[in-house]
Each structure stands twice: as C-alpha cells, then as structure tokens.
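Asker: sequence and predicted structure, then a few things I'm wondering about:
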Amino acid sequence: MGSYKIGMFFTRKFKSHEAQPPPDVKEAFAKFTQGGGGGGGVGATTTTTTTTSQKMTAEQLLQFLIEIQGESDAKIGEAEQIIGHIMQTRHHIAKFTRHTLTLDDFHHYLFSEDLNSSIKSQVHQDMSAPLSHYYIYTGHNSYLTGNQLSSDSSDVPIIKALKKGVRVIELDIWPSSSKTDINVLHGRTLTTPIKLIKCLKSIKEYAFVASPYPVVITLEDHLTPDLQAKVAEMVVETFGEMLYHPDSKVVKEFLSPEELKYRVLLSTKPPKEYLEAKGSKDTGKGSPEEEAWGTEVISLKDELQENDQSDSDGSENNLDDEDSDERDSQPRQSGAVEYKCLIGIHAKKHKGELTESLKVDVNKVGRLSLNEQALEKAATSHGSDLIRFTQRNLLRIYPKGTRVTSSNYNPLIGWMHGAQMVAFNMQVGCVFCYQVEFFFY
C-alpha cells in the first residue's frame, strides 16, 4: 500500500500490485530482525511474528547472508550496498534517508536476480563434453533487418541476437564495389551492405553479454584470396586473444564449451575446397553436388520465380551455403594461408550423394549444412546416418531459399536427428522463433 498526498487537504492510498511475501519469507524476516539470527535457521521456531515497524539493518542482513544464504565470505559493505541499491530503486522520495529494509524490501531482494546472487541463472549441465554434444542457439543471415530480398544489412540484429544468447552468427561476405574492402550483405539481392569490420566490432562487444560460452561466426565467403587475407587481418586485430586458433590443420575432436569459454571461432569452408567445389562451374558446367543439392543463394529473378511446386523438387536449394559461392572465371590461386589457419570449424564439402556426405571420418571432424527440405528427406531415408554423423560432427540446418519473408520452419525435426545448429531467421517473430527461444532459455 502506498500513500500519496493529493493537493493540500487529503491523502490517497494506492494498492501495490507487487506479490505479497509468503509465510516463510515473513518468518525469516521476523527471525533476523527480532532475534538477530542463529538458532537453527529458518523454520526452527514458529513464535516469531512480523510487524510493520520492524526493519532489517545491514548487520542483520549480513547475518542472513552468512547463515541462510551460505555466503560465508560476505562483508558488511556488501550488505550496505544491497540496502543502498534497494533504497534507490524502490523509494524515490528525496527526504528518504533510512538505511534499513522493510519486509517488502527484503522480499524484493530475495527474488531479484540483480541483487541476490543465489538465484542468478546458472548452468547445471556438464559442459565438458565435445561441442558436438550440445544444441547451439543459431541465427541465419544474422545481419538482415527484415526480408531476404530488399531489407537493410545492419549490426543491430546481430547485437539483439547476442543479447538473447544466440551463439552462432552468420555473415555473408562479399567484395565492396571498389574490390578493396569487404561488405556483409545477402548476395544477388537488393539488400543494402554493411562493412564487415563494423559487424566484427559489434560481435566482440556483445558476444558474452548473455553467456560465457563460445560464439561461432559462420562465414559464407565470396572473396578473392587477397580479400581473404584482409579478413584474417581484421579478425585477428578485432578479437585478439578471444579468437580461437586451432592447434593443427585437421581437427580430430571438438573442444568442449567449457574449454572454449569467452572464445570466438570462425567456421567456413577452407579456400582449397571452395575452388574444388566451383571448378566445374567456372568451366561452364554445374558440379555434381550442385546438381544434386541446388544452391541457397540464387539470383533475384530465380527467387521471385520460386513457387510451391519447387518445394517437391529434389534438387532445389539443398546445397550448403558455402557451396553456393560463385567465383570469377579467371584462374585462381589457393586461398590466403592466414585466413585458412583461423578456421576453427571446417565446413565439409558435399560429395554428391548424401550417404557419402554423412560418412564419419574418425580422423577429423567438421560441419555439414543442409536446408530444411534436404533434412526432411534425409530424416526419412538416412535417419540413423544423421544421428551417427552428429555424434562427432556438427550439422547445421537452414531455411529454404523461398522463405524470402524471413519466415521459419519447425525446428523439432532437426533437433530429433541431432542437428546442433538449427539456424533461424531472427528478424520476424513467429511461433517457431518463440519455440527456439524457450528451448534455449
């Protein structure tokens, strides 16, 4: 109940909508304000009662922290700081100078994550297994503010995603118009570009606001070797010691989330495999895997011509993002060595048949990408292969190319078959978005 003076003649009382303290909270408050604590903890006696005149001092709060909360290292200064914070946030009257807690203040403290460290969100699972043993909160085209065809590219959606706890950020990197810098945009559409360096700086600033566990940056790379070297320089300068450097060229087993705390990993296809994937395309022929899987990034004209009939086409939009790269037709050298050495999670190259792509190599691990349609078909015909593959490797699922409005799909099929990275468009809220958010809450 709060009292407020109206004009000069009367006072009006307003009922508080805050939940009332339950009996056990009242009992604890009475115990430490009357008897000063001790004597077996809360529940040891039922003779204590609470009155509105009772106040809890910093010394009494300290006793509560030590005896009930188990904070044996707590000091009087911490108790005073808690009380001071409550005074500032709950009581805004300037002349209010008391430094004690009422029952309502004490109740507020107990259920405030900002003040009561005992109830802060904590991870209770074992986080020491390889990274492939965990589901990972994953974004798709994380830089887009709206639809997949004409929206702006920005670091704002990236920041929002990281604040929600998203651990995988996807960036499509393309040469700038001058061919001297790197932009992030959805290629061959009307989306506006944003500088790669701005996205990297925002990722660094907000990467571990919501979680200490690693952030993976998946790169859909459309760059020349000289620009790949520039990306390597940007990444190293931006992230410094936060950046994970693999110990060897071949990763035999992923490290655990616990070992990768506060680290940033790059995931893309090594430059040599990019060139192999596009060799036949550069000569004017479609590669076998492209004929089998299709591409995710297709021309604007093709996007607009897609219809429901294509959803049943076995070759539509099933190739992973990295295989969709179109290189210039000029002769190419292998990618920059500096760039390749920074890839912490190698994206696997499709080998035509799904059975071949899902084979487990005991000597190395990597990441494979399938679109939602390919997953549905694989779940029907290769369910056991999918589960076996994800025991050691990472499987990423992404929306089909016809979802130009940034809509999403049912994530349960991917999760049921072990897909760790079920990539979602975070730009538009939907039932499936809330499902994913609650899944990782």
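Answerer: Everything's here; your move.
Asker: helix, strand, or coil at E113?
Answerer: Secondary structure for E113, judged by DSSP: H, G, I helix; E, B strand; the rest coil, is coil.
Asker: nearest residue to it other than its sequence neighbours?
Answerer: Here the nearest residue to E113 in space, its sequence neighbours aside, is K120; by CB to CB, 6 or more residues apart in numbering that works out to 5.2 Å. Placement of C-beta: from N, CA and C, glycine included.
Asker: the one you found touches S112, doesn't it?
Answerer: No: checked against CB atoms under 8 Å, the pair K120 and S112 is beyond contact range at 9.9 Å.
Asker: which one of the two is surrounded by more residues?
Answerer: Using other CB atoms under 10 Å as the criterion, K120 and S112 rank with S112 on top: 15 against 10.
Asker: got a pLDDT number for the residue nearest to E113?
Answerer: According to the prediction, K120 has pLDDT 73.
Asker: pull up the per-residue confidence for the residue nearest the centre of the chain.
Answerer: When CA atoms, centre = their mean is applied to the chain, the residue found nearest the centroid is V166 (1.0 Å). The predicted local distance difference test score for V166 is 97.
Asker: from what I can see it touches P157, true?
Answerer: No: taking contacts as CB under 8 Å, V166 lies outside contact range of P157: 9.9 Å.
Asker: which residues do the two both contact?
Answerer: Counting by CB atoms under 8 Å, 6 or more residues apart in numbering, the residues touching both V166 and P157 are 142, 426.
Asker: tell me which residues in stretch 241-260 are buried?
Answerer: 242-244, 246, 251, 254-257, 260 (16 or more other CB atoms under 10 Å).
Asker: tell me the mean pLDDT for it?
Answerer: Per-residue pLDDT values over stretch 241-260 give a mean of 93.
Asker: how far off centre is that stretch?
Answerer: A distance of 18 Å separates the centroid of the chain from that of stretch 241-260, by CA atoms, centre = their mean, to the nearest Å.
Asker: need the residues that contact it.
Answerer: Outside of stretch 241-260, the residues within contact range by CB under 8 Å, 6+ apart are 127-132, 134, 204, 207, 213-214, 235-236, 262-266, 341-346, 363-366, 392, 394.
Asker: quick one, helices of the stretch 201-350 of the chain?
Answerer: With DSSP state H, counting those that start in this stretch, the ranges of helices along the stretch 201-350 of the chain come out as 225-239, 271-282, 288-293, 300-305, 337-341.
Asker: from the chain's centroid, how far away is the first one?
Answerer: Just to be clear, that refers to helix 225-239. 23 Å.
Asker: could I have it exported to PDB, CA atoms only?
Answerer: This file holds the C-alpha atoms of helix 225-239, laid out as PDB (Å, rounded to 0.1, in the frame of the first residue of the first chain):
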ATOM      1  CA  PRO A 225      42.400 -14.600 -51.800                       C
ATOM      2  CA  ASP A 226      43.700 -11.000 -51.200                       C
ATOM      3  CA  LEU A 227      40.500 -10.100 -49.500                       C
ATOM      4  CA  GLN A 228      40.500 -13.300 -47.500                       C
ATOM      5  CA  ALA A 229      43.900 -12.200 -46.200                       C
ATOM      6  CA  LYS A 230      42.300  -8.800 -45.300                       C
ATOM      7  CA  VAL A 231      39.500 -10.600 -43.400                       C
ATOM      8  CA  ALA A 232      42.200 -12.600 -41.500                       C
ATOM      9  CA  GLU A 233      43.900  -9.300 -40.500                       C
ATOM     10  CA  MET A 234      40.600  -7.800 -39.400                       C
ATOM     11  CA  VAL A 235      39.600 -10.800 -37.400                       C
ATOM     12  CA  VAL A 236      42.900 -11.000 -35.600                       C
ATOM     13  CA  GLU A 237      43.100  -7.300 -34.800                       C
ATOM     14  CA  THR A 238      39.400  -7.200 -33.600                       C
ATOM     15  CA  PHE A 239      39.300 -10.200 -31.400                       C
END
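Asker: many thanks, I have nothing further to ask.
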